[in-house]
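A.B. asks: pasted the sequence and its predicted model underneath.
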Amino acid sequence: MYRNASFNMDESASNSSLYIFKLLLFVFSCVISVISFEDFYYRYNAPKWAVFDLFCILLFIFSIYFSPRVRVNFISTIIGLLTLYMLMTLLWSPNKFEGVLFVFRFLAFALSIFIVVSIVPKCKLVEILTDSVFYSSIIFCAVIIYERYWLALPYTSQSFSPIGFVNYLGHVLNIWIPVLVLSIYNRRNSTVFLLLGLASLLVLMNLLVESLIRGTILGLLVAEIIVLFAVLLKTKKFQFKYLSILVAFSCTLVTFNLIENSGLSTLRGEITSIQEMDTGRETIFSNTIDMVKDNPLGVGVNNFEYIHQKYARAGTPDASPYISNMKVLRTPYNIVLKFYSELGFLGGSLFLILFSMVVIRAFLNFLKGGFVDAWIFIAVFALCFHAMFSSVFLTPVSLFFSIPLFAVVFSRESLNGIQPMNMRWIWIIVPFVFLLACLSIAKITSANLTAKGYRMGNTELVEKSLELNPYDYFTSLRLYSLYLIKEGNKEQALQSLERAINLYPYNIYMLIKAGDVASQLGLNDKAEEYKKRALDIYPNYYQAKLINKGA
């Protein structure tokens with residue numbers, strides 16, 4: 001699929017088109033790194049997804065000019081089979097909208113890599129990657145300095161940076177730090193570029209030390225060690241320049257410890273937890289494996305969240321994180337387990353092949369290449385390593401910067417196709433763009449109306465949101481609260497809860513609330529049904545046992 005496109009254009013058209021693409025990438029890379037809006041419940045992710053979708057749509061429209069010819073090869077075949085299986089699992093998944101949206105974003109991600117490899121000259125790809133990371137990281141660092149030290153805004157792990165949740169930043173740092181090191185090295189003769197790059201790297205390393213995200217730190221350091229020893233075996237020389245991240249991290253750690261007087265002790269605690277295998281992931285890994293065994297065909301694409309509570313062993317020592325506290329658990333903290341649980345053995349294995357190919361291709365490029373390929377491998381390895389302990393790789397900023405990163409990986413060596421598809425590019429891309437735009441607009445607009453309507457106490461706005469996207473369980477939950485508290489209408493409140501439960505059948509919180517409301521309405525049989533369903537999932541939960549107690 002990649003590196004097999006033919007198109008006709010003269011040199012001047014090529015240069016102007018390349019300039020347009022670079023401008024598009026640089027602008028969107030800066031915007032997606034810092035954008036957030038209070039008018040969403042998920043103030044960081046929701047607008048960033050809108051930016052990601054818009055970038056892909058504009059890139060697809062831009063690619064129509066080149067009309068690249070898609071060839072069938074091993075990668076495109078795996079992607080095609082995986083996509084078909086994802087669509088098939090929609091037949092039995094509870095939340096079909098989230099599944100369809102995931103499939104379209106997965107295809108948007110894959111097609112974007114293909115387009116970038118196809119329309120950008122191989123010699124320019126690394127420069128485009130490094131420049132996009134350089135400029136976006138500078139904007140990001142400027143914003144975080146302004147927010148933290150000028151405005152003195154408070155922050156938590158959920159709002160740790162303009163990217164949002166602390167782990168979301170960790171996944172982006174897997175790409176930014178090694179690529180920024182490469183960018184600084186390539187432009188070291190420019191004093192301004194060098195100083196700005198070093199300042200940006202210093203801020204990013206400080207954030208990494210402050211957050212102490214184990215997956216990011218281990219991924220980057222292990223990747224550097226692999227590169228160091230591979231180069232040592234290859235050249236018989238110890239290349240200290242490949243220890244740049246370790247040196248920068250150590251210096252930042254010492255400085256941070258002197259300022260905060262907590263850095264080293266916190267790091268020791270993190271290292272101890274790793275040595276003792278106390279990562280908080282063991283129970284959810286085990287429970288997810290049980291989930292895979294019980295659902296060999298998968299529970300449905302992007303539907304892990306809606307089914308896992310059935311297997312989470314709530315209220316026991318083996319409970320998955322957060323479940324016993326009525327909180328949401330969106331992923332199994334492992335990207336491979338996510339795909340196996342949602343797509344079963346077949347779909348999970350297809351994804352594992354794709355996932356492995358990215359790492360293997362990056363490593364082979366490094367063995368055959370030089371300095372540039374070494375840092376590209378470090379970024380890819382750290383990203384994929386961290387993804388084995390967190391599924392937040394599937395977040396908008398991480399996916400966005402993975403597009404040019406993976407494009408570099410697959411552009412380093414041509415992949416021979418079999419035969420070109422006998423279909424014009426425009427026939428593929430136009431309907432895809434239309435459907436992706438419709439899904440994205442429905443998702444983003446609905447989320448905005450829900451947040452705004454609930455904040456204003458405007459039931460009609462939230463109802464409009466539900467009409468736009470009836471598969472948003474969160475909107476139904478907001479309507480439940482508005483109907484119950486503001487409108488005083490328990491019948492409609494119960495209907496909203498039941499609508500949410502149809503999408504989220506094993507959510508303990510919803511089942512208990514539905515049982516309570518049903519009991520208040522005198523619907524004792526229904527209350528007992530919800531009570532039983534809640535206790536089947538969480539047998540010892542006291543609040544569930546109180547449902548319909550006075551009946």
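C.D. replies: Received, thanks. Numbers count the residues shown, from 1 in each chain.
A.B. asks: and stretch 446-457, average pLDDT?
C.D. replies: Averaged across stretch 446-457, pLDDT comes to 93.
A.B. asks: mind listing what's buried along that stretch?
C.D. replies: 446-454 (16 or more other CB atoms under 10 Å). For the C-beta atoms, the positions are set from N, CA and C on the backbone; glycine is no exception.
A.B. asks: which members of the residues you listed are the farthest-apart pair?
C.D. replies: Among the buried residues of stretch 446-457, the pair separated by the greatest distance (CB to CB) is 446 and 454, at 12.3 Å.
A.B. asks: phi, psi of residue 223?
C.D. replies: Torsion angles at residue 223 (phi, psi; degrees, to the nearest 10) stand at phi -60, psi -40.
A.B. asks: again, but for residue 534
C.D. replies: As for residue 534, its main-chain torsions (degrees, to the nearest 10) stand at phi -70, psi -40.
A.B. asks: residues in contact with it?
C.D. replies: 508, 511-512, 515, 541, 544, 547 (CB atoms under 8 Å, 6 or more residues apart in numbering).
A.B. asks: now the residues you listed in TSV, with neighbour count?
C.D. replies: Formatted as TSV, the contacts of residue 534 follow (neighbours: other CB atoms under 10 Å):
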residue	neighbour count
508	23
511	28
512	22
515	28
541	18
544	23
547	22
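A.B. asks: what's stretch 335-354 in contact with?
C.D. replies: By CB under 8 Å, 6+ apart, stretch 335-354 touches 75, 78-79, 81-82, 85-86, 89, 285, 288-289, 291-292, 295-304, 308, 331-332, 355, 387-388, 390-391, 393-394.
A.B. asks: helices - which of those residues land there?
C.D. replies: Among the contacts of stretch 335-354, the members falling in helices are 75, 78-79, 81-82, 85-86, 89, 285, 288-289, 291-292, 304, 355, 387 (criterion: DSSP state H).
A.B. asks: can you list the domain ranges for the protein.
C.D. replies: 11-425, 457-545 (automatic domain parsing).
A.B. asks: lowest average pLDDT across the ones you listed?
C.D. replies: Of all those, domain 11-425 carries the lowest average pLDDT, namely a mean of 86.
A.B. asks: quick one: distance of it to the chain centre.
C.D. replies: 7 Å (CA atoms, centre = their mean, to the nearest Å).
A.B. asks: which of the ones in helices among the contacts of stretch 335-354 lies closest to residue 250?
C.D. replies: Ranked by distance to residue 250 (CB to CB), the ones in helices among the contacts of stretch 335-354 are led by residue 387 at 25.2 Å.
A.B. asks: residues touching residue 358, list them.
C.D. replies: Counting by CB under 8 Å, 6+ apart, residue 358 has contacts 380, 384, 406, 409.
A.B. asks: who's in contact with the last one?
C.D. replies: Residue 409 makes contact with 358, 361-362, 365, 376, 380 under the criterion CB under 8 Å, 6+ apart.
A.B. asks: how far away is it from residue 402?
C.D. replies: Distance of residue 409 to residue 402, computed by CB to CB, to the nearest Å: 10 Å.
A.B. asks: make a ChimeraX selection of the buried ones in the contacts of stretch 335-354.
C.D. replies: Those of the contacts of stretch 335-354 that count as buried under 16+ other CB under 10 Å are selected in ChimeraX with:
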select :75,78,79,82,85,86,89,288,291,292,295,298,299,300,301,302,303,304,308,331,332,355,387,388,390,391,393,394
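A.B. asks: related to what we said a few turns ago, including distance to residue 441, could the domains of the chain go into CSV?
C.D. replies: What follows is the domains of the chain, written out as CSV (distance: least, CB to CB, whole Å):
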stretch, distance to residue 441
domain 11-425, 9
domain 457-545, 9
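A.B. asks: indicate which one of these is closest to residue 442.
C.D. replies: domain 457-545 (5.1 Å).
A.B. asks: next, the distance between the ends of that closest one.
C.D. replies: Domain 457-545 has an end-to-end distance of 32 Å (criterion: CA to CA, to the nearest Å).
A.B. asks: for that domain, the distance to its chain's centre please.
C.D. replies: Domain 457-545 sits 29 Å away from the centroid of its parent chain (CA atoms, centre = their mean).
A.B. asks: which residues touch the helix or strand harbouring residue 217?
C.D. replies: Using DSSP states H and E, residue 217 falls within helix 214-235. With CB under 8 Å, 6+ apart as the test, helix 214-235 has contacts from 167, 170-171, 173-174, 177-178, 208, 237-239, 242-246, 249, 270, 273-274, 279, 366-367, 374, 377-379, 381-386, 388-390.
A.B. asks: swap in 7 Å and give it another go.
C.D. replies: The contact list for helix 214-235, computed with CB atoms under 7 Å, 6 or more residues apart in numbering, reads 170, 173-174, 177-178, 208, 238-239, 242-243, 245-246, 270, 274, 366-367, 374, 377-378, 381-382, 385-386, 389-390.
A.B. asks: same thing with stretch 117-137?
C.D. replies: Contacts of stretch 117-137 (CB under 7 Å, 6+ apart): 2-3, 5, 18, 21-22, 25-26, 29-30, 33, 63, 66, 68, 175-176, 179-180, 182-183, 186, 197, 200, 204, 372, 401, 404-405, 407-408, 410-411.
A.B. asks: which members of these occur in helices, if any?
C.D. replies: If you go by DSSP H, the contacts of stretch 117-137 have 18, 21-22, 25-26, 29-30, 33, 63, 175-176, 179-180, 182-183, 186, 197, 200, 204, 372, 401, 404-405, 407-408, 410-411 in helices.
A.B. asks: now residue 110. Nearest residue, chain neighbours left out?
C.D. replies: In space, and not counting its chain neighbours, residue 110 is closest to residue 79: 5.3 Å by CB to CB, 6 or more residues apart in numbering.
A.B. asks: for residue 459, what are its contacts?
C.D. replies: For residue 459, the contacting residues are 482, 486-487, by CB under 7 Å, 6+ apart.
A.B. asks: apply 6 Å and report the result again.
C.D. replies: Residue 459 is in contact with residue 482, counting by CB atoms under 6 Å, 6 or more residues apart in numbering.
A.B. asks: how many other residues sit next to residue 360?
C.D. replies: Residue 360: 12 surrounding residues under other CB atoms under 10 Å.
A.B. asks: now do the helices in the stretch 301-450 of the chain.
C.D. replies: 304-307, 335-368, 371-387, 396-411, 425-456 (DSSP state H, counting those that start in this stretch).
A.B. asks: of those, which is nearest residue 55?
C.D. replies: Of all the helices of the stretch 301-450 of the chain, helix 396-411 sits nearest to residue 55, with 6.9 Å by CB to CB.
A.B. asks: quick one, the closest one and helix 371-387 angle?
C.D. replies: For helix 396-411 against helix 371-387, the angle by axes from the mean of the first three to the mean of the last three CA atoms, to 10 degrees is 140 degrees.
A.B. asks: got the buried residues for helix 396-411?
C.D. replies: For helix 396-411, burial by neighbour count (16+ other CB under 10 Å) applies to 396-411.
A.B. asks: ok, stretch 118-136 next?
C.D. replies: 118-120, 125-126, 128-136.
A.B. asks: narrow these to those in helices?
C.D. replies: Counting by DSSP H, the buried residues of stretch 118-136 place 118-119, 125-126, 128-136 in helices.
A.B. asks: would you mind giving those as CSV with distance to residue 347 added?
C.D. replies: Shown next, in CSV, are those (distance: CB to CB, whole Å):
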residue, distance to residue 347
118, 27
119, 30
125, 30
126, 33
128, 33
129, 30
130, 35
131, 36
132, 32
133, 32
134, 37
135, 37
136, 33
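A.B. asks: out of the residues you listed, the closest to residue 315 would be?
C.D. replies: Using CB to CB, these come closest to residue 315 at residue 136, 44.1 Å.
A.B. asks: spatially nearest residue to the closest one (excluding sequence neighbours)?
C.D. replies: The shortest distance from residue 136 to any residue other than its chain neighbours is 4.0 Å, reached at residue 29 (CB to CB, 6+ apart).
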